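Peer 1: Predicted coordinates and the sequence they were generated for:
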Amino acid sequence: MNPAHAPLLTLEPLIEAVKEGVEAAGWTLSGMQKTTSYEYGGRWRGESSRSAYLFFHAVALDESVSVDAFLDETSRGIQGNLALVIGGPELVDPRPALAALASAVRERIPRTYRAPVSLRLRLADAEHPPESATVEARVRIMIPGGALRSGHAEVSRVSAEGVRAFEQLLAQRVARIQYPDRKSSNC
């Protein structure tokens, strides 16, 4: 079997495939963190997991826009997701922004991906009024199990395709989240 089409079973080959795909879409690796976790009680008694967080940026975009990847290997197999992360301005009511973002995701992200959408509101401290909260929008796509079973080439392709779909979301300014202006039209 061609190694590019062998199932991905461990964390390191998954990291390489995702990294290759996201970089092929024009993004640069900003950082990576690997962790090993052990749980000795409850449901995961005696099991461990190895995880990797990869952070990417695009030179053509404002620093408040990134793509993050979370990849996980457990005794139950591997899994992963890519997330578009957008830091935004203050919002008074996040519901219209969340509705518009969800609508844009339905239009721009291929339906073959499960794509959770979230907004995270953050106050600088408890003394600030709620309307001064800043927002972080996050759109995730899960790397399909079929891609993981198909191997490096497919995970790389899916990663690049996912990032290109994220770029389409960025091109379509959604709701009251004012996405940063693009510094160039290359992305």
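Peer 2: Okay, I see it. Note that the structure is predicted; figures quoted are calculated from it, not measured. Numbers count the residues shown, from 1 in each chain.
Peer 1: May I see the buried residues of the biggest helix by length in the chain?
Peer 2: The longest helix of the chain (DSSP state H) is helix 152-171. Buried residues in helix 152-171, counted by 16 or more other CB atoms under 10 Å: 152-163, 165-167, 169-170. For every residue, glycine as well, the C-beta is placed using N, CA and C.
Peer 1: for stretch 98-107, same thing?
Peer 2: By neighbour count with 16+ other CB under 10 Å, stretch 98-107 contains the buried residues 98, 100-102, 104-105.
Peer 1: same check, this time on stretch 144-153
Peer 2: 144, 147-148, 150-153.
Peer 1: could these be laid out in CSV, adding distance to residue 86?
Peer 2: Written out in CSV, the entries for the buried residues of stretch 144-153 read as follows (distance: CB to CB, whole Å):
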residue, distance to residue 86
144, 24
147, 25
148, 27
150, 30
151, 31
152, 29
153, 29
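Peer 1: does residue 116 really touch residue 137, like I thought?
Peer 2: No: when contacts are counted by CB atoms under 8 Å, residue 116 is not listed as touching residue 137 (11.7 Å).
Peer 1: neighbour-wise, which of the two wins?
Peer 2: A count of neighbours by other CB atoms under 10 Å puts residue 137 above the other of residue 116 and residue 137, at 23 against 13.
Peer 1: can I assume the more buried one sits in a strand?
Peer 2: Yes: secondary structure of residue 137, determined by DSSP: H, G, I helix; E, B strand; the rest coil: located in a strand.
Peer 1: what about the closest residue to it other than its chain neighbours, neighbour count?
Peer 2: Among residues not flanking residue 137 along the chain, residue 86 sits closest, at 4.5 Å (CB to CB, 6 or more residues apart in numbering). Applying other CB under 10 Å, we find 24 residues neighbouring residue 86.
Peer 1: For beta bridges, what are the partners of residue 86?
Peer 2: residue 65, residue 137 (DSSP bridges).
Peer 1: right, and it touches residue 120 too?
Peer 2: No: no contact is recorded between residue 86 and residue 120 when judged using CB under 8 Å, the distance being 10.7 Å.
Peer 1: Common neighbours of these two, please.
Peer 2: 136, 138 (CB atoms under 8 Å, 6 or more residues apart in numbering).
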